[in-house]
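1. the amino acid sequence is not available; the structure is as follows:
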DNA sequence: ATCAACCTTAGACTATACTCTACTGTTGCT
DNA sequence: AGCAACAGTAGAGTATAGTCTAAGGTTGAT
């Protein structure tokens, strides 16, 4: 797949895909046998990663954190133990986010009550 | 209270408090009777707002969104109906965030399983 | 051969949310 | 009066995450 096809599949612009590539989140391959151009080719795993990136971004993970998770899953550079550590760390931060959201929900519900009862 | 006291109470730097003031989230009052200086004075409500700002930021609300919520609660410029609309809107976005987090949790748990079972 | 529609790179630009610096003035203690 | 510790403003600088432009090369259909 060339970049435009990946872009269409994921809804992420080619610009942004290149930005993610520069950031080390994904990696295209150049076809060595073709010498006339230097187009990058992407596989289905890349599409999968990009979908994960979108989801992870919307829950508030940074590019760096997302990179760690991708490495923990797709990469050989960590030991099993290290991978599990990274993933557990991210799970903990999700738990933390959940707690904060529940708190915030309570707070806003309180605001609402105050509005309804003209206490503000 | 002067700015440093507010900073100590909230753990937010004086710089950042001034930034929030410029952004319209809080508002200090100048003492008209004192002419030798132009120090801002802050009340307990401001401290309350700043604590809310910290919490709201950590669940991912932007300055603009936080400003809306503060206005919906402390300000006279919206009708009751408008206030409730704003607050409901934020509650919905919290629900959305929760859903996304639960999804992400599932995904990471799947990653973990794959790591444990050497599927990656 | 030409032309639209692709591809690449380098680098400039934007928005958000700070964070810091420089400079100046005020307060309160000794 | 001197001085540390505080206050204010303007504006520059930083980090993150894109977003866009310019300039050039390639592909594929006509």
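-> Cool, got the structure. Everything numeric in this text was worked out from a predicted model, so none of it was measured.
2. and the residue nearest in space to the middle of chain A, which of the three is it?
-> The centroid of chain A falls nearest to residue A:53 when counting by Cα atoms, centre = their mean (2.3 Å). Following DSSP: H, G, I helix; E, B strand; the rest coil, the label given to residue A:53 is helix.
3. residues in contact with it?
-> By Cβ atoms under 8 Å, 6 or more residues apart in numbering or on different chains, the contact set of residue A:53 is A:12, A:20, A:25, A:26, A:66, A:70. Yep, even glycine has a C-beta here, placed from its N, CA and C like the rest.
4. retrieve the pLDDT associated with it.
-> Note on residue A:53: pLDDT of 98.
5. residue A:31 - nearest residue in space that isn't next to it in sequence?
-> residue A:41 (6.0 Å; Cβ to Cβ, 6 or more residues apart in numbering or on different chains).
6. ok, what's across the strand from the one you found?
-> residue A:29 (DSSP bridges).
7. quick check: it vs residue B:44, distance?
-> Here the criterion is Cβ to Cβ, to the nearest Å. By it, residue A:41 lies 61 Å from residue B:44.
8. the more surrounded of the two?
-> Per other Cβ atoms under 10 Å in any protein chain shown, whichever of residue A:41 and residue B:44 has more neighbours is residue A:41, with 15 against 10.
9. select the longest helix from chain A.
-> Criterion DSSP state H: the longest helix present in chain A is helix A:80-116.
10. pLDDT on that helix, on average?
-> 97.
11. near chain B at all, it?
-> Yes - with Cβ under 8 Å from any Cβ of the partner chain as the measure, helix A:80-116 is seen reaching chain B through A:80, A:83-84, A:87-88, A:90-91, A:94, A:97-98, A:100-101, A:103-105, A:107-109, A:111-112, A:114-116.
12. domain map for chain A?
-> If you go by automatic domain parsing, the domain ranges for chain A are A:1-61, A:78-120.
13. could the ones you listed go into CSV alongside distance to residue B:62?
-> Below are the domains of chain A laid out as CSV (distance: least, Cβ to Cβ, whole Å):
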stretch, distance to residue B:62
domain A:1-61, 12
domain A:78-120, 14
